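> structure, please.
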Amino acid sequence: MAVPAKKIPLRKCTGCQEMKQKKDMMRVLKTAEGQIVLDTTGRKNGRGAYLCRSMSCFEQAVKNKGLERSLKVKVPEETYESLKKEIEAFEKR
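Reported below is the predicted structural model:
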């Protein structure tokens, strides 16, 4: 008997609109308190939107308002700036 292949969860990037493996992406999260943070573990509670691990996808998501649509909330400019800094720090790792 053949063992069925394990299903790999896929998510769509809000920037480039490509389907990729969940583990290869970053999760931007809207918490119950309404804060928008970068969820590096991918396990926190709240509504999430996924982005590729690149600054270009983040910039594209800001431009086409993909994060706002996915999180169903208006994202303030200060939040975009703090997310940008977090992503830059994450890319340097």
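> model confidence for the closest residue to Lys22 other than its chain neighbours, exactly?
The shortest distance from Lys22 to any non-neighbouring residue, by Cβ to Cβ, 6 or more residues apart in numbering, is to Pro9 (4.3 Å). From N, CA and C alone the C-beta is placed, and that goes for glycine too. We have a pLDDT of 90 for Pro9.
> and Gly42, what does it touch?
Going by Cβ atoms under 8 Å, 6 or more residues apart in numbering, Gly42 touches Lys22, Lys23, Arg27, Gly48.
> picking up where we left off before, distance check, the residue nearest to Lys22 against Lys92.
Going from Pro9 to Lys92 by Cβ to Cβ, to the nearest Å gives 27 Å.
> how long is stretch 29-42 from one end to the other?
9 Å (Cα to Cα, to the nearest Å).
> now do the buried residues in it.
Across stretch 29-42, burial judged by 16 or more other Cβ atoms under 10 Å covers Leu29, Lys30, Ile36, Val37, Leu38, Asp39.
> SS state for Lys12?
strand (DSSP: H, G, I helix; E, B strand; the rest coil).
> low pLDDT regions in the protein?
In the prediction, the chain carries no residues with pLDDT under 70.
> for it, which helix is longest?
Longest helix in the chain by number of residues (criterion: DSSP state H): helix 77-92.
> can you name every helix or strand that that one contacts?
strand 25-30, strand 36-39, helix 55-63 (3 or more Cβ pairs under 8 Å, 6 or more residues apart in numbering; DSSP states H and E).
> contacts for that helix, please.
Met26, Val28, Ile36, Val37, Leu38, Thr40, Leu51, Arg53, Ser54, Met55, Phe58, Val62.
> please compute how far it lies from its chain's middle.
Helix 77-92 has its C-alpha centroid displaced from the chain centroid by 12 Å (Cα atoms, centre = their mean, to the nearest Å).
> so how far is Glu78 from the residue nearest to Lys22?
32 Å.
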